[in-house]
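S.K.: Got a sequence here, can you build the structure:
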Amino acid sequence: MKTNLFFYILKKINNYEKLNSYLDVFKIIPRSKFEILQFYIIKGLLTHEQKEHIWDLFNKAQKIYLGFQQFAFLYKFKKSSFFEMEKDLLYNSLEKYPENQKITILHKNKKYIFRLTDLMKCWKKALTHSNELFPEILDLKNPYTNIPFLKHNLYNIFFKIYFSNFKIPFLIQEFFNLNFNKRNFSTKFSIILKDIAIINCVDAADIEELREDVQSMFEKYYRGEEQLDFYLDEKRTRELLKILKNYIYLYYIVLYTRNIEFKKMCEKTLNRELNCFIKYNTSFFRIFFDGNIRNVSYGKIFKNILFKIFVR
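M.R.: Predicted coordinates:
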C-alpha cells in the first residue's frame, strides 16, 4: 500500500512519462521505490542527464510521500486514546518524573507512557535473555500487552534515550548500530552473550544442582586438608550457596565460556581465591552459620568489563 502511494505520487509529477520510457527499455517493474535508485542510478547504463532526471523525480516524490506519512501519523497519534495507567512498572507515579525521563509511544492504536529507565531494563533483559546455557534474544515487548514493539518504536525509544541524560547501555547501542537485526547482533556478540547466559544459568539453577557443582568445584580446586561437609539441610545449603555465589560464577565461566583468555583469567582467580577463602575461614563448613566469615577480595576479575557493563 505504501509503495503504491509512492508510485501514485511519482506518476503525478511532471515528465514522469520520460521515466516510464526508461522502465520500458530495461523491462523492469520496480517492486519497491528503492529499486529505481538501485537499477537506474547505481547500476543503470543511463546517461548522466537521465540519472539526474530520475534522481530529481525520486526526491520530489519522496518529499511529498514523507509529508503524507507524517500527516497521517500525527492525525492517528492525536486521535488515539491513552492507555489508562499512571504508574511506572514499579508502580511509582509517572507525574513525579520530568518529561525528558519519559516517552509516549503509539502502539496498536493506543498511546502508552513509559519511564525510559523501565524500557532500558526491559530491553537489556530481552537482549541478554537465555535458555539455560544458550543465548536466546527476545523482542522488546510492550510490558502491558506483551506484544513486540515495531522497528520504528525501537528507533523512537533509542533516540529518546540518546537525547536524555541517561547513558545508553552498550548492548542497546550496538543493537542500534546493527539496525536492530537480531541475527547480526547474535553473531557479532556471541561470545559475550554466551558468558551472560552462563551467569543467568547460575542465578536460575536448582539448589541441588548448585550444591553438587560446589562440591565438584572444591574437589577440583581446593588444595587443603580440611574435611568439608556438603550434606547440609536446605536452609544451610541456601546460606552456603549465597556466600559462595561469586565463586560459582567463576566456576561456571571456566566450564562453559568460549572466551579462552577469559577462561584462563577466571580459573587462575578461582584457584587462588577459593584457597584463600578456606585459609581465612578455618573449619568453614562448621562455623559459617555463626557469622564468622571473613570476606576475601576477588582481585581484578570482577572489574572485568563483562561484569561491570553486561551483567550487573
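S.K.: buried set for the helix or strand containing Gly67?
M.R.: Following DSSP states H and E, one finds Gly67 within helix 48-79. Within helix 48-79, the residues scored as buried using 16 or more other Cβ atoms under 10 Å are 50-51, 53-54, 57-58, 61, 64-65. For every residue, glycine as well, the C-beta is placed using N, CA and C.
S.K.: helices or strands up against that helix?
M.R.: helix 2-12, helix 16-26, strand 102-107 (3 or more Cβ pairs under 8 Å, 6 or more residues apart in numbering; DSSP states H and E).
S.K.: What is the helix or strand following it packed up against?
M.R.: Using DSSP H and E, the helix or strand that follows helix 48-79 in sequence is strand 81-82. Packing contacts for strand 81-82, counted by 3+ Cβ pairs under 8 Å, 6+ apart, involve strand 110-115.
S.K.: partners of the strand it packs on, with directions?
M.R.: strand 81-82 (parallel), strand 102-107 (antiparallel) (DSSP bridges).
S.K.: Off-centre distance for the last one?
M.R.: Okay, so that is strand 102-107. Offset of strand 102-107 from its chain centre (Cα atoms, centre = their mean, to the nearest Å): 19 Å.
S.K.: cool, the first one as well?
M.R.: Taking Cα atoms, centre = their mean, one finds the center of strand 81-82 at 28 Å from the center of the full chain.
S.K.: likewise stretch 74-88?
M.R.: 26 Å.
S.K.: Quick one: mean pLDDT over that stretch.
M.R.: With pLDDT averaged residue by residue, stretch 74-88 scores 77.
S.K.: What of stretch 206-221?
M.R.: For stretch 206-221, the per-residue pLDDT averages 83.
S.K.: Over to stretch 127-135?
M.R.: For stretch 127-135, the per-residue pLDDT averages 91.
S.K.: lowest-confidence helix or strand of the chain?
M.R.: helix 305 (a mean of 42; mean pLDDT, DSSP states H and E).
S.K.: Find the residue at the geometric middle of this protein.
M.R.: Nearest to the geometric centre of the chain sits Leu127, at 2.8 Å (Cα atoms, centre = their mean).
S.K.: That one and Phe185 touch, don't they?
M.R.: Yes: if you go by Cβ atoms under 8 Å, Leu127 and Phe185 touch, sitting 7.4 Å apart.
S.K.: shared neighbours, the two?
M.R.: Residues touching both Leu127 and Phe185 (Cβ atoms under 8 Å, 6 or more residues apart in numbering): 137, 175.
S.K.: low-confidence ranges in the stretch 151-300 of the chain?
M.R.: Applying pLDDT under 70 to the stretch 151-300 of the chain flags the ranges 224-232, 281-300.
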